[in-house]
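Student: I'd like to go over a predicted model; first the sequence, then the structure.
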Amino acid sequence: MTTADHHLAIYNFGIHVDLAESAAVRGFALREPMNFAAAERAPGFVARSGYKGVPGPRSWGPLLFPRFLTEQSSGAAVSSLSLWHDLESLMAFTYTGVHADAIKHARHWNVVQKWPPMVLFWVPAGRRPDWQEGAKRLEMLFDNGSGPQCFTFKEPYDPNGRPAEIDRALVKQLAAENLAAQGALLDAVLKLPV
């Protein structure tokens, strides 16, 4: 479901089992730049927020986290915020190749979550959501469940607030394109330690 006047935002949030520089999360740290590179090659990718003080894209506002970080009170927070053309392109990227490898191993690096790992929401094309909005939408999803303002792949909505259907055939097509574009990145990731 491509829409010219809206982009799909995704905010991910987790808490590492230890400090970001620790050996316990080294596998994540080694994969993170390759995940960003794979996203940038993926069909349907629009843009992502960077992190203040880190080389790369500009940060979309001050880095803020949902309340789950203070409730957990240990480990380092990890989050990402990006924009995509549609549900299908994001789903194809999320569950294929380099990013799928990261999901497979996330249990080694992150604490068991009582909150959703991500939230999806639509924004008008050209508007960049900030970190605070991502964190608030994730909290809203946890507190109220899926709805037009915050949802998941399991219960998606279109930009007009109606329940949406994901085009699974298109997801498969885009997943194949992702694998072809990732090539050497995926080969390198599969050789990394967990």
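Tutor: On my side now, so go ahead.
Student: show me what residue 147 is bridged to.
Tutor: Residue 147 has these beta-bridge partners by DSSP bridges: residue 150.
Student: any weak-confidence spans in the protein?
Tutor: Along the chain, segments meeting pLDDT under 70 span 1-2, 73.
Student: that one: helices as residue ranges?
Tutor: 26-41, 68-72, 87-94, 97-109, 131-144, 168-189 (DSSP state H).
Student: single out the most deeply packed of the ones you listed.
Tutor: helix 87-94 (a mean of 25; mean count of other Cβ atoms under 10 Å). Just so you know, the C-beta spots here come from the backbone N, C-alpha and C atoms, and that holds for glycine as well.
Student: next, the angle from that one to helix 97-109.
Tutor: 60 degrees (axes from the mean of the first three to the mean of the last three Cα atoms, to 10 degrees).
Student: and the contacts of stretch 51-65?
Tutor: 13, 36, 47-50, 77, 79, 81, 128-132, 135 (Cβ atoms under 8 Å, 6 or more residues apart in numbering).
Student: ugh, wrong one, I meant stretch 134-146
Tutor: Residues contacting stretch 134-146 (Cβ under 8 Å, 6+ apart): 9, 11, 13, 64-68, 79, 81, 115-116, 118-119, 121, 149-152, 154-155, 157.
Student: show me those residues that map onto strands.
Tutor: When DSSP state E defines the strands, the subset of these inside them is 9, 11, 13, 79, 81, 118-119, 121.
Student: and the closest residue to residue 190 other than its chain neighbours, how close does it get to residue 108?
Tutor: Using Cβ to Cβ, 6 or more residues apart in numbering and skipping the chain neighbours, the partner closest in space to residue 190 is residue 101 (6.7 Å). Relative to residue 108, residue 101 is positioned 12 Å away (Cβ to Cβ, to the nearest Å).
Student: before we move on, what about residue 132?
Tutor: Applying Cβ to Cβ to residue 132 and residue 108 gives a distance of 29 Å.
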